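1. make a model of this:
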Amino acid sequence: MEDISNYILIPTITAILFMVPSILLDAWLCKIGMIRSNKNLIIIFVIFMVLFKPVMFKDWSWWTFGLVLLLGQLGLHRYDLGVTIKKGRWWRVPKEKKKNRSNSK
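-> Next up, the predicted model:
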């Protein structure tokens with residue numbers, strides 16, 4: 001029973017706890033027009049990182065690891081963020097829809 005707890009239950013709960021802020025950050029950045037949302041990639045990234053934390057980052061605290069996960073999410077969207085810096089927000093939306101967005105606010 002202890003093996004199930006250590007290798008399945010704790011990593012699953014930890015992954016869920018780290019997914020919530022990551023998905024909220026992704027949704028906020030998408031809402032303000034900085035990135036295109038990609039929740040599937042974030043979920044895969046968080047699960048991978050949580051499962052391999054004991055092997056790759058064993059002497060890191062969970063607080064440091066959580067901060068690295070959130071910053072790593074920005075690394076997943078580095079192309080979108082780079083293009084947003086160059087072209088401005090909503091660069092991927094056609095010009096007709098941009099006018100509708102700015103008029104509705």
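2. pull the distance from the longest helix seen in the chain to the chain's centre.
-> If you go by DSSP state H, the chain has its longest helix at helix 10-31. Offset of helix 10-31 from its chain centre (Cα atoms, centre = their mean, to the nearest Å): 7 Å.
3. other SSEs contacting that helix?
-> Applying 3 or more Cβ pairs under 8 Å, 6 or more residues apart in numbering; DSSP states H and E, one finds that helix 10-31 makes contact with helix 39-56, helix 62-76. C-beta: built from backbone N, CA, C; applies to glycine.
4. check which residues of it are buried.
-> Neighbour-count burial for helix 10-31, counted by 16 or more other Cβ atoms under 10 Å, picks out 11, 14, 15, 18, 19, 22, 23, 25, 26, 29, 30.
5. what residues does it touch?
-> Applying Cβ atoms under 8 Å, 6 or more residues apart in numbering, the contact partners of helix 10-31 are 35-39, 42-43, 45-47, 49-51, 62, 66, 69-70, 73, 77.
6. buried subset of the residues you listed, written for PyMOL?
-> Entered in PyMOL, the line below selects the buried ones among these, by 16+ other Cβ under 10 Å:
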select buried, resi 35+38+42+45+46+47+49+50+66+69+73+77
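7. span of stretch 47-66 from start to end?
-> 12 Å (Cα to Cα, to the nearest Å).
8. gap between that stretch and the chain center?
-> With Cα atoms, centre = their mean, you get 16 Å for stretch 47-66.
9. which positions in it come out as buried?
-> 47, 49, 50, 53, 65, 66.
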